[in-house]
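> Here is my input, please return the structure:
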Amino acid sequence: MGKTLVIVESPAKAKTIGRYLGNDYVIKASKGHIRDLPEKTLGVNVMNKYQPIYIDSPDKTEVIKELKSLASKCDSVLIATDPDREGEAIAWHIAYILKIDPTTKCRITFNEITKNAVQNAVDNPREINLNIFNAQQARRVLDRLYGYELSPLLWKTIKGAGYLSAGRVQSVATKLVKERDDEIAAFKPKEYWEINAEVSLPGAKAKKDRFTIDFYGKKTSEGVKKLALNSKEETDAILNDIGDKDFVIDTIVKGEKERKSSAPFTTSTLQQEASRRLGFAPKTTMQVAQMLYQGIEIADQGPVALISYMRTDSVRISQEAIAAARNLIVKKYGKEYLSPYKREFKNKNSSQDAHEAIRPTHFEYEPDTVKSSLTRDQYKLYKLIWERFIATQMAAVQLDTLSVDISCGDNLFKVSGETVTFDGFQKLYDEMRETDSDSKKKETALPVFSEGDVLKNHKVESVQKYTQPKPHYTEASLVSAMEKNGIGRPSTYAPTISVIEDRHYVVKEGKNILITETGRVVTDFLQKNFEKAIDIGFTAEMEEKLDSVENGDVSWTDTIDDFYPQFHQQIKEVSDNTDKITIEEEKTGEKCPKCGHDLIIKNSRYGKFIACSAFPDCDFSKNIEKKLANTNCPLCGSGIDILKSKKYGKNFYVCDKKGSDPNCSFVSWDPPVKDGATCPECGTYMVYHRIRGKVIRRCGNKDCPTNARKKKS
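From the prediction side, this is the model:
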């Protein structure tokens, strides 16, 4: 029997799969896409049913050559790219390159990289799903037509804004941020007042025994009427009515309730929770999740895939995973912490059911047992996924509730509290149940009392407040808004936010995402001239049409034809009839050393930089200098500047005397250590170096023996 070639996307995935397949299989990585649309031309034949003009990716020449060579030596080929639209498209292109009929059983998929899943997939290959491929092809062609026709119009029309681009999803995401910021700017706060009283049972002497009750309304002959206090006069009238009178407990309502854990993670909820809890950007979350899915080198075990596929909008869980989680809960926490029934979760629609939720794949590898093999970020994210999933099968949190009505004359106050009687899933996973304003409900510790008890009045106070607008978007809440409005799909949330940040359409201030002047001007231009193309409802409808293509209900070319002709005509009309827009340039206050004109701050795809305002007549430019805090130059003791490479878009570090002291030559991709330590081997300065997510100290001399690569045993 001859060998079978198995093709995956990444070397890490290839290495992990290699654990489960024998010597009869040759596993090779395509390293992502091997064919795509050309970069510098439209690459779509709009006169021939939008047929894409694919080319071999220039950087994949050697990969393609090797795949062809291996395929010619093997008896069969199985394409094991990721189980989503993009993976199906990569599989189709690999089949094309290797001259494999896509209708033959050459395709295998698995939602988790485990022995059973991989071997089951190999035993049950299928055809390449042309509907799924066409859905991805439609998205690719649609986005190419949108971006390649609209972006040049932005370049032509809007000046002084740096590198601009438009995108079917990114432009709508930018619009969301702008509309929220406009809503905040236009918000007019309204005055309101709150009254609270500090009370205690008469015998209580310690200050800790006091508790606070809140004004609710008035008791009338018709019942209780909730009262909003909108002025100081209304508030003072109630304060004067109460004075120093004591309060009486009217009614006590006791109850019980339970709180169940949330569903396991989807791509969207993982990005949101990782942002809130861990401070991860969506892009970081997906990069780390990809590593956990493809496989991590576990000490004495080899490469192990720790989570299931991370691009999913499904909350479905397999029966095997449910059983494994429930067994683990009984062993580790006891039967009382096990949910009395299997908790299963349903998806909103059937198109989401192709995948499972994000969950652990090897339940023997608890986070703390593999912590030493993971980077800090990998451990944090794996722990979050693990605990969220195990919690789904744990017992609910049990609470005793107490709601108390307290009166002073006809003035009614209320107070409520909760007491946890059984911690349930919170023993493992304490959920952050945050509102849009990130506020949590305040819980009050209450003493034991009875109806009719008198409460001593220690003080009654009023507080003037104003209504608040909705908060600015954060990365987490923007992902949530995109999902809620049907903008994009799990694979697009993170790259969309990265793009609008890279284009300087939005800027992060702390956790908040704010619209920039460039983002505002571009969005206003698009709204004025292409209202339908950046309409939220239209964008969501287009996603639904792509789902219909995947389901085989509509033709992918018809889907594009419904959009493109009208859009193309709009481009021509706007191009012929639009005046140029200039964004005022931000001056630095300095003069150009070459020609004397003003220096200005400009944007590029790699960030902001300083340039001469007389460009293109003068080509002077320089980086915006930032200081590396609390760090001295290891060669001369001066300060350290942080600069950004125009070529690579990454930071590097130089002595701040680089222009005035020719004797100091310090320049490094890695920052020097703050304590000034030197290498014990050669005496060179030490630097902080990031490798595979970890930051280590190493010698700054690349030729030092300590930096020599260790051979794998």
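
> Show me the strands in the stretch 101-250 of the chain, by range?
Using DSSP state E, counting those that start in this stretch, the strands of the stretch 101-250 of the chain run over 158-159, 191-200, 211-220, 223-226, 247-259.

> could the ones you listed be laid out in a markdown table, adding distance to residue 359?
Using the backbone N, CA and C atoms, a C-beta is placed for each residue, glycine as well. What follows is the strands of the stretch 101-250 of the chain, written out as a markdown table (distance: least, Cβ to Cβ, whole Å):
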| stretch | distance to residue 359 |
| --- | --- |
| strand 158-159 | 46 |
| strand 191-200 | 44 |
| strand 211-220 | 42 |
| strand 223-226 | 45 |
| strand 247-259 | 21 |
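
> For these, give me CSV that also has mean pLDDT and mean neighbour count.
Converted to CSV, the strands of the stretch 101-250 of the chain look like this (pLDDT from 0 to 100; neighbours: other Cβ atoms under 10 Å):
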stretch, mean pLDDT, mean neighbour count
strand 158-159, 86, 16
strand 191-200, 96, 18
strand 211-220, 95, 17
strand 223-226, 92, 11
strand 247-259, 95, 13
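
> Relative to residue 302, which of these is closest?
Among the strands of the stretch 101-250 of the chain, the nearest to residue 302 by Cβ to Cβ is strand 247-259 (40.5 Å).

> Tell me the gap between that closest one and the middle of its chain.
Distance of strand 247-259 from its chain centroid, counting by Cα atoms, centre = their mean, to the nearest Å, is 40 Å.

> just checking, what packs against it?
Where contact means 3 or more Cβ pairs under 8 Å, 6 or more residues apart in numbering; DSSP states H and E, strand 247-259 is packed against strand 397-408, strand 454-466.

> Of the ones you listed, flag the one that's most buried.
strand 397-408 (a mean of 18; mean count of other Cβ atoms under 10 Å).

> Now do that strand against strand 211-220, angle only.
Relative orientation of strand 397-408 versus strand 211-220 (axes from the mean of the first three to the mean of the last three Cα atoms, to 10 degrees): 60 degrees.

> List the strands paired with strand 397-408, with their directions.
Within its sheet, and counting by DSSP bridges, strand 397-408 is paired with strand 247-259 (antiparallel), strand 411-422 (antiparallel).

> Put the alpha carbons of that strand into CSV.
Coordinates of each C-alpha in strand 397-408 appear next as CSV, following Å, rounded to 0.1, in the frame of the first residue of the first chain:
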residue,chain,number,x,y,z
VAL,A,397,-25.6,29.0,42.1
GLN,A,398,-28.3,29.1,44.8
LEU,A,399,-29.3,32.4,46.4
ASP,A,400,-31.6,33.5,49.1
THR,A,401,-33.2,36.9,48.2
LEU,A,402,-34.6,39.5,50.4
SER,A,403,-36.7,42.6,49.4
VAL,A,404,-37.8,45.0,52.1
ASP,A,405,-40.2,48.0,51.9
ILE,A,406,-39.5,50.6,54.6
SER,A,407,-41.6,53.7,55.3
CYS,A,408,-41.4,57.0,57.0
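
> how far off strand 454-466 does it point, in degrees?
Using the same axes, to 10 degrees: strand 397-408 against strand 454-466 is 100 degrees.

> if we can go back for a sec, dump the helices and strands packed on strand 247-259 into JSON lines; add mean pLDDT and distance to residue 597 as well.
Formatted as JSON lines, these follow (pLDDT from 0 to 100; distance: least, Cβ to Cβ, whole Å):
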{"stretch": "strand 397-408", "mean pLDDT": "95", "distance to residue 597": "66"}
{"stretch": "strand 454-466", "mean pLDDT": "95", "distance to residue 597": "47"}
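
> Looking at the ones you listed, which is nearest to residue 96?
Here strand 397-408 is closest among the helices and strands packed on strand 247-259 (Cβ to Cβ), at 53.9 Å.

> how big is the angle separating that closest one from strand 191-200?
100 degrees.

> Run the chain-centre distance for strand 397-408.
Mean-position distance between strand 397-408 and its chain equals 38 Å (Cα atoms, centre = their mean).

> same question, stretch 502-519
In this view, stretch 502-519 has its centroid 16 Å away from the chain centroid, taken as Cα atoms, centre = their mean.

> Which residues belonging to it are considered buried?
Burial within stretch 502-519, assessed by neighbour count using 16 or more other Cβ atoms under 10 Å, is assigned to 502-506, 511-516, 518-519.

> Farthest-apart pair in these, please.
For the buried residues of stretch 502-519, the maximum inter-member distance is 21.2 Å, found between 511 and 518 (Cβ to Cβ).

> Let me know which of the strands of the stretch 101-250 of the chain is the nearest to residue 706.
Proximity of the strands of the stretch 101-250 of the chain to residue 706 was assessed by Cβ to Cβ; the nearest stretch is strand 158-159, lying at 51.5 Å.

> Which secondary structure elements does the closest one sit against?
Judged by 3+ Cβ pairs under 8 Å, 6+ apart, the packing partners of strand 158-159 are helix 517-529, strand 581-582.

> how about the buried residues of stretch 502-519 in CSV, adding distance to residue 706, secondary structure and pLDDT?
Converted to CSV, those look like this (distance: Cβ to Cβ, whole Å; DSSP: H, G, I helix; E, B strand; the rest coil; pLDDT from 0 to 100):
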residue, distance to residue 706, secondary structure, pLDDT
502, 36, helix, 87
503, 41, coil, 88
504, 41, coil, 88
505, 44, coil, 93
506, 43, strand, 93
511, 39, coil, 87
512, 43, strand, 92
513, 42, strand, 94
514, 45, strand, 94
515, 48, strand, 94
516, 44, coil, 91
518, 46, helix, 90
519, 47, helix, 93
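
> need the helices for the stretch 151-300 of the chain, in chain order.
170-186, 232-242, 267-278, 282-294 (DSSP state H, counting those that start in this stretch).

> dump the residue contacts of residue 373.
Going by Cβ atoms under 8 Å, 6 or more residues apart in numbering, residue 373 touches 296-299.

> again, only using 6 Å
Residues in contact with residue 373, defined by Cβ atoms under 6 Å, 6 or more residues apart in numbering, are 298-299.

> returning to that earlier point: using TSV, please lay out the strands paired with strand 397-408 together with distance to residue 290.
Below are the strands paired with strand 397-408 laid out as TSV (distance: least, Cβ to Cβ, whole Å):
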stretch	distance to residue 290
strand 247-259	33
strand 411-422	37
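
> Of the ones you listed, which is nearest residue 448?
Smallest distance to residue 448 across those (Cβ to Cβ): 10.2 Å, for strand 247-259.

> Show me the contact partners of that closest one.
Residues outside strand 247-259 that contact it (Cβ under 6 Å, 6+ apart): 199, 396-408, 451, 453-455.

> can we see that at 8 Å?
Applying Cβ under 8 Å, 6+ apart, the contact partners of strand 247-259 are 197, 199, 213, 396-408, 412-413, 424, 449-455, 457.

> Kindly report the same for stretch 521-539.
The contact list for stretch 521-539 (Cβ under 8 Å, 6+ apart) reads 146, 150, 154, 157-158, 161, 164, 166, 168-169, 171-172, 174-176, 178, 485-487, 505, 515, 567, 570, 574, 578, 581, 583.

> Of those, grab the buried ones for ChimeraX.
In ChimeraX syntax, the buried subset of these is picked out as below (16+ other Cβ under 10 Å):
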select :146,150,154,157,158,161,164,166,168,169,171,172,174,175,176,178,485,487,505,515,567,570,574,583
